[in-house]
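Enquirer: Quick one: sequence plus predicted model below, questions after.
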Amino acid sequence: GQQLNQSPQSMFIQEGEDVSMNCTSSSIFNTWLWYKQDPGEGPVLLIALYKAGELTSNGRLTAQFGITRKDSFLNISASIPSDVGIYFCAGQLDYGGSQGNLIFGKGTKLSVKP
Amino acid sequence: DSGVTQTPKHLITATGQRVTLRCSPRSGDLSVYWYQQSLDQGLQFLIQYYNGEERAKGNILERFSAQQFPDLHSELNLSSLELGDSALYFCASSPGGGFQPQHFGDGTRLSIL
């Protein structure tokens, strides 16, 4: 099936640092979404991107839909302890009609530096 | 709170059994999606319903089935359960289908003993 390659798999942050993660695919996607998942909870939508080249911010989070439509990145500026969690990218292919299932990356686990 | 409600939160059962997971979508959302999350496979799409009709199928086993009722809530039925079916099962909903953001419930954790 379709695959999204998300990197890095994990990273450690210190409060105040900027964080960057990305997703790439061999397929062209029509939509890119970024979710965050905390332990015991479902993924929470952070940012949705709909057009190639689109750059969207949500507070300290910024995400971009790559020009080739095969990649996306998420930046977190000035990280804080509550940013810890697992971040997932997800994409939607163009199926037409009302079909809209998401394909997910494997996640980037953000932890606090010991 | 995403507005998507899933019950039960936890389910423990034995191999060979059958269980039903329930999902109530956000108010006004017509599409319901089911996903399975496991450590080795990550988040995998299972099936989508839109306004009561099946719209898309992913890697859903034949032992699994789903339906969406007239009040738009959905149920995922898992039968002849195997150890490998232990996972988190998430429901998500969106207003329509297609390119609309999906909001997830908090999942049902299924443990097969």
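Expert: Structure received. Numbers count the residues shown, from 1 in each chain, chains lettered A, B, ... in the order given.
Enquirer: who are the neighbours in contact with the residue nearest the centre of chain B?
Expert: Residue closest to the mean C-alpha point of chain B, counted by Cα atoms, centre = their mean, is residue B:34 at 3.2 Å. Taking Cβ atoms under 8 Å, 6 or more residues apart in numbering or on different chains, we find residue B:34 in contact with B:23, B:45, B:46, B:47, B:48, B:60, B:66, B:74, B:76, B:89, B:90, B:91. Quick note: C-beta positions are derived from backbone N, CA and C, even for glycine.
Enquirer: any idea where the helices of the chain begin and end?
Expert: You didn't pick a chain, so chain A it is. Counting by DSSP state H, no segments of chain A form helices.
Enquirer: Would you check that residue A:13 makes contact with residue A:83?
Expert: Yes: using Cβ atoms under 8 Å, residue A:13 is in contact with residue A:83, at 6.9 Å.
Enquirer: any shared contact partners between these two?
Expert: Joint contacts of residue A:13 and residue A:83 (Cβ under 8 Å, 6+ apart) are A:19, A:110.
Enquirer: which non-adjacent residue is nearest residue B:43?
Expert: Spatially, and ignoring its direct neighbours in sequence, residue B:43 is nearest to residue A:104 (4.0 Å; Cβ to Cβ, 6 or more residues apart in numbering or on different chains).
Enquirer: how near is the one you found to residue B:102?
Expert: 11 Å (Cβ to Cβ, to the nearest Å).
Enquirer: State which one residue of chain B is found closest to chain A.
Expert: As assessed by Cβ to the nearest Cβ, chain A sits closest to residue B:97 within chain B, at 2.7 Å.
Enquirer: ok, how many other residues are close to that residue?
Expert: A count of neighbours around residue B:97, defined by other Cβ atoms under 10 Å in any protein chain shown, yields 22.
Enquirer: For it, grab phi and psi.
Expert: phi -120, psi -150 (degrees, to the nearest 10).
Enquirer: My guess is it contacts residue B:32. True?
Expert: No: look at residue B:97 against residue B:32 with Cβ under 8 Å: they stay out of range, at 10.1 Å.
Enquirer: list the residues that contact both of the two?
Expert: Contacts common to residue B:97 and residue B:32, judged by Cβ under 8 Å, 6+ apart, are B:48, B:50.
Enquirer: picking that back up, for the contacts of residue B:34, which single residue is the most surrounded?
Expert: residue B:91 (31 neighbours).
Enquirer: Find me the pLDDT at the closest residue to that residue other than its chain neighbours, would you?
Expert: The spatial neighbour of residue B:91 that comes closest, neighbours along the chain excluded (Cβ to Cβ, 6+ apart), is residue B:23 at 3.4 Å. pLDDT recorded at residue B:23 is 98.
Enquirer: Using the three-state scheme, assign residue B:23.
Expert: strand (DSSP: H, G, I helix; E, B strand; the rest coil).
Enquirer: Isn't it up against residue B:5?
Expert: Yes: with contacts counted by Cβ under 8 Å, residue B:23 reaches residue B:5, the gap being 7.1 Å.
Enquirer: show me what contacts residue B:30?
Expert: Per Cβ under 8 Å, 6+ apart, neighbours of residue B:30: B:50, B:51, B:72, B:94, B:95, B:96, B:97.
Enquirer: same thing with residue A:22?
Expert: Contacts of residue A:22 by Cβ under 8 Å, 6+ apart are A:6, A:7, A:71, A:72, A:73, A:74, A:89.
Enquirer: burial count for the second one?
Expert: Counted with other Cβ under 10 Å, the burial measure for residue A:7 works out to 14 neighbours.
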